[in-house]
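Undergrad: sequence first, predicted coordinates after that:
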Amino acid sequence: MSCTTLFEQVLDPDNRANPYPLFAQLRRQPVCRQEDGTYVVSTHAEIARLVSDPRISSEDLPDPQKFRWTGHPITDLFVRPIRAEIRRRHQPFIFRDPPDHDRLRGLVMRAFSPERVRRMREETADLTNELIGKFAGKAQIDLVDDFSYPLPVTVICKLLGVPPEDEPQFQGWATQLATALEPNQRADEETQAKNEQCFTEISDFLRDLIAKKRKEPQDDILTDLANGTKPGNASGDDPDEDGAETMNDFDLIATAVLLLVAGHETTVNLITNSVLTLLRRPEHWERLRDDPGIAPRLIEEMLRYEPPVQYRTRLAVADIPIAGVTIPKDAPVVLLLASGNRDPARFADPDRFDPDRPDNRHLGFGGGLHYCVGAPLARIEAEVALVSLARRLKNPRLVEDPPPYRPGASLRGPRHLCLAFDGIADA
Amino acid sequence: MTAGPSGPPERILVVGASLAGLSAAHALRAEGFAGALTLVGDEPHAPYDRPPLSKQVLRGLFSPDTTLPRRPELRAEFRLGTPASRLDCEARTVTLADGSTLPYDRLLIATGTRARPWPNPEEASLDGVFTLRTRDDAARLSARFKAGPKRVVLVGGGFIGFEVASTCRDLDIPVSLLVRDGQPLAAALGPRLGGLVGTIAQERGVDLRLGAEIERMDSEGGRLTGVTLKDGERIEADLLVAAIGAVRNVAWLEGSGLAADEGGVLCDGYCRAIRANGDIVPDVFVAGDVARWPNPHQGEALVAVEHWGNARAQAEAAARNMLAGPATGLTRHDHLPDFWSQQFGLTIKLVGLADGADSLAVVHGSLDARRFVALYGREGRTVAAASIDSARWLPAYEAAIREGAPFPPIEGAIDQPRLRIEEP
Ligand SMILES: Cc1cc2nc3c(=O)[nH]c(=O)nc-3n(C[C@H](O)[C@H](O)[C@H](O)COP(=O)(O)OP(=O)(O)OC[C@H]3O[C@@H](n4cnc5c(N)ncnc54)[C@H](O)[C@@H]3O)c2cc1C
Ligand code: HEM
């Protein structure tokens, strides 16, 4: 069969539970043009090459939506176009190219200090135990709603410095805005309208919060980004030698939203996919329960085997000869990370789940200049969550396999994961 | 393609126990060679790494023990501290300085280079005058750096000179860098980028003397006290490092019949040694700094490439070819030269050979920002790429250089300024 319609099938929700056979077919032609002109890249070597290629742009968002008239001339002719222009210029840095990308990412990396991330381990542990505690007396739970979903939002809120009472609101926003990262949903008009509404709300909220952080600096990421301070030096006594570089408020808000959105559904999926994968292979679940030290390798293999981000999109800004074809200038490009992770040319016996795999250089966190900023945090969250679940859930079983999936093909994961179990062990 | 001689080898001998020698030995085992493997080295040390010597070791961040990792499956005999002194290609034996004779079925010549000594032997033997090639050199020099010298004079405008100058500044040691031809780093980077690095060095407090030449060294009681330049100026200094290039270790090959001279040991693209009369010697191979071969990336011109990456790649190609039977065929050594240097807080990388380039274009970043990728063109083809703190883009250009793509190969890339083609 020709590969030109395979990606359409990947997008089809009917194939969500197991897209991997489609990937295997796609890999027969590492770079394959689809009927709509998109080039799908499905092999490890080619993806690894393109994530660091200057002919590949991340500025691939669709044109700002065409506005429906409100009938109010000032709104239609001035306010909305200006707002759209501001948003276009201040996209979050995952959708931007160097040099802007590098400047913004650099500031975030500095605020995302290893020390700060390490401290999240205890926070995550407390939160995990609290959530598992609520399973007491139940015979069945939905892992997604009762566990995976609440965890990452709370962690990222703590890290950013969002007051605890505002967390529930953040959770709602995070869920809605995740669709903006979902290439097969973001073009949808209704989704765009909802996202715009949601973005306006969260922007207003963050604007106030940033003003507070300027007045009363605290030890959190938002404070440091707002004031150009370094982690642990929010008072600004020791101004950075380079001059306190900051980002403007538009970029700051876009960045905060990015951290929320990029770190939310991804982590939810990692935890949920992990439990699903392990309960399908109970010997691995038991191994984790008996030896929590295996968790880091298990999680790396999970990021290879069931990556929460299945693909990312790009735009070719010049002709790119690769793997026997030429991706023409202006062509949309899909980097099928999840397929690169199953490439037999890179991984021996790729469809086997094997935590002891040597040299596991998966593409689960992407690669090149947009490599995941939150990778260390995501690893900690997943480790703490899985180790606790394996230890405390007594005899957990999948109730429905395969589970129902959310519509997204890129941020792919179960919508629900019902588990039956025989009680919980003490924390 | 003529394959290997007289069946599969049982004894393989490697002369030169450094990066190329060890890499070949590892590759031989990885390719399944199960016979006897011997490495001969004239230094007393197990194979070690040189690039850190002028950087982290001198700076005092690493110990001078930069021993290269050895894999457990290596199973090689090391004959260290004894140089090879003679090769007999007919008898297939190598004689060591202690008189012992080692027979071989395949031989790898990997004797590399040594630092070019200061031409005046009396001056060279003064206390305070150094060269830098070995870990013992680095240990001695680093001890002198720790003692806080008044001023260091560096002679030579190549990478080692610049790296040592940078280390001096890191340690807050006053340093004068003399570049006789006035063209710092020009051989590797061309005058434009070499000049830029020179400017950066000056900004970081290096007393850069372009065109300066030493008339004589001044001393008192056998200790260096300074240098007098050709123009009469005197620089007071208690240390001097001569970084004036390398000399290939080929003296032991005299009488072997191989084409070996100060340019290196000649071999073909499959790393097989060549006799002075042009015949290929099918059981003697050459790799690393000492090798000279027709380079496919330089229009088959005979070149030697004194870089870490080449030593490894060439050693691996040589190892494969040592084991190649009539059925397997030979592996061509077509590694694209690459090189890196760390100095003045910058990482400089180069792929390809910029030598002979006729044009230059900055394709990412800018020279002013000291963060860029610049490409070198020759006769309309892209031949090399250099970067400062922007190495992430190099792989894409490496592919272009390999293919001999037109110059400049990519237009309209992200983070690309408007392209202007300039003199290199
Ligand atoms: C200070 C310094 C910094 C460097 N920095 C960089 C860098 O940043 N990047 C980079 O790409 N490259 C760098 N290089 C170059 C790199 O180290 C060399 O390319 C590499 O060491 C070459 O390896 P080789 O095995 O071919 O030769 P060598 O390392 O020279 O080894 C040859 C060995 O053979 C021995 N030998 C010689 N004659 C005989 C004999 N007759 N019998 C037995 N043994 C013999 C020698 O003593 C030596 O141990 C640097 C070199 C130096 C000295
Ligand atoms: C399991 C969890 C996660 C996975 C699988 C994941 C995966 C990825 C991937 C694949 C990319 C690359 C995007 C691209 O190349 O276009 C990425 C980028 C990014 N991720 Fe994550 N991520 C996870 C968690 C997080 C967390 C917890 C955070 C932050 C709190 C985060 C923040 C980011 C950011 C900011 C980027 C953009 C980086 C850039 O553009 O330079 N991620 N992530």
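TA: Yep, that arrived. Ligands and ions are numbered 1, 2, ... in the order given.
Undergrad: shaky segments in chain B?
TA: B:1-6 (pLDDT under 70).
Undergrad: can you give the domain ranges for it?
TA: B:11-114+B:247-323, B:117-244, B:345-403 (automatic domain parsing).
Undergrad: residue A:339 is nearest to which of those domains?
TA: Between residue A:339 and the domains of chain B, the shortest separation by Cβ to Cβ is 20.8 Å, and it involves domain B:345-403. C-beta: built from backbone N, CA, C; applies to glycine.
Undergrad: give the closest residue to residue A:145 in space, chain neighbours not counted.
TA: residue A:416 (7.0 Å; Cβ to Cβ, 6 or more residues apart in numbering or on different chains).
Undergrad: how many neighbours does the closest residue to residue B:77 other than its chain neighbours have?
TA: Of all residues beyond its chain neighbours, the one nearest residue B:77 is residue B:38 (4.7 Å), with distances taken as Cβ to Cβ, 6+ apart. Close neighbours of residue B:38, defined as other Cβ atoms under 10 Å in any protein chain shown, add up to 18.
Undergrad: what about residue B:38, distance to residue B:82?
TA: 12 Å (Cβ to Cβ, to the nearest Å).
Undergrad: repeat for residue A:386
TA: From residue A:386 to residue B:82 the distance is 57 Å (Cβ to Cβ).
Undergrad: higher neighbour count, these two?
TA: residue A:386 (24 against 15).
Undergrad: in which helix or strand does residue B:305 reside?
TA: Under DSSP states H and E, no helix or strand contains residue B:305.
Undergrad: quick one: it from residue B:188, how far?
TA: From residue B:305 to residue B:188 the distance is 11 Å (Cβ to Cβ).
Undergrad: got it, and residue B:323?
TA: Distance from residue B:323 to residue B:188, by Cβ to Cβ: 34 Å.
Undergrad: ok, the two, which is more surrounded?
TA: Shown here are residue B:323 and residue B:188; by other Cβ under 10 Å, residue B:188 has more neighbours (21 against 18).
Undergrad: the more buried one falls within a strand, correct?
TA: No: assessed with DSSP: H, G, I helix; E, B strand; the rest coil, residue B:188 is helix; it does not lie in a strand.
Undergrad: how about the residues of the stretch 301-424 of chain B near ligand 1?
TA: B:306, B:307, B:308, B:309, B:311, B:339, B:340, B:341 (Cβ under 6 Å from any ligand atom).
Undergrad: name the member of those with the most neighbours.
TA: Busiest of these [other Cβ under 10 Å] is residue B:311, holding 28 neighbours.
Undergrad: tell me the contacts of that residue?
TA: Contact partners of residue B:311, counting by Cβ atoms under 8 Å, 6 or more residues apart in numbering or on different chains, are B:18, B:19, B:20, B:23, B:110, B:112, B:287, B:288, B:289.
Undergrad: 7 Å instead, please
TA: Residue B:311 sits next to B:19, B:20, B:23, B:287, B:288, B:289 when contact means Cβ atoms under 7 Å, 6 or more residues apart in numbering or on different chains.
Undergrad: out of these, name the ones that lie in helices.
TA: Those of the contacts of residue B:311 mapping onto helices are B:19, B:20, B:23, per DSSP state H.
Undergrad: nearest residue to the last one in space, please, no chain neighbours.
TA: Using Cβ to Cβ, 6+ apart and skipping the chain neighbours, the partner closest in space to residue B:23 is residue B:315 (3.9 Å).
Undergrad: any idea which element the one you found lies in?
TA: Counting by DSSP H and E, residue B:315 is part of helix B:308-323.
Undergrad: ok, now which ones touch residue 93?
TA: In the absence of a named chain, chain A is used. A:101, A:104, A:105, A:255, A:258.
Undergrad: wrong chain, I was asking about chain B
TA: B:101, B:102, B:103.
Undergrad: now, of these, which are buried?
TA: residue B:102 (16 or more other Cβ atoms under 10 Å in any protein chain shown).
Undergrad: contacting ligand 2 as well, which ones from the contacts of residue B:93?
TA: Counting by Cβ under 6 Å from any ligand atom, no member of those reaches ligand 2.
Undergrad: out of the contacts of residue B:93, which are inside helices?
TA: Those of the contacts of residue B:93 lying in helices (DSSP H): none at all.
Undergrad: and the host helix or strand of residue A:193, what's buried?
TA: Using DSSP H and E, residue A:193 falls within helix A:189-215. Residues A:192, A:195, A:196, A:198, A:199, A:202, A:203, A:205, A:206, A:209, A:210, A:213 are the ones in helix A:189-215 that count as buried (16+ other Cβ under 10 Å).
Undergrad: next one: it to chain centre, how far?
TA: Computed by Cα atoms, centre = their mean, to the nearest Å, the chain-centroid distance of helix A:189-215 equals 19 Å.
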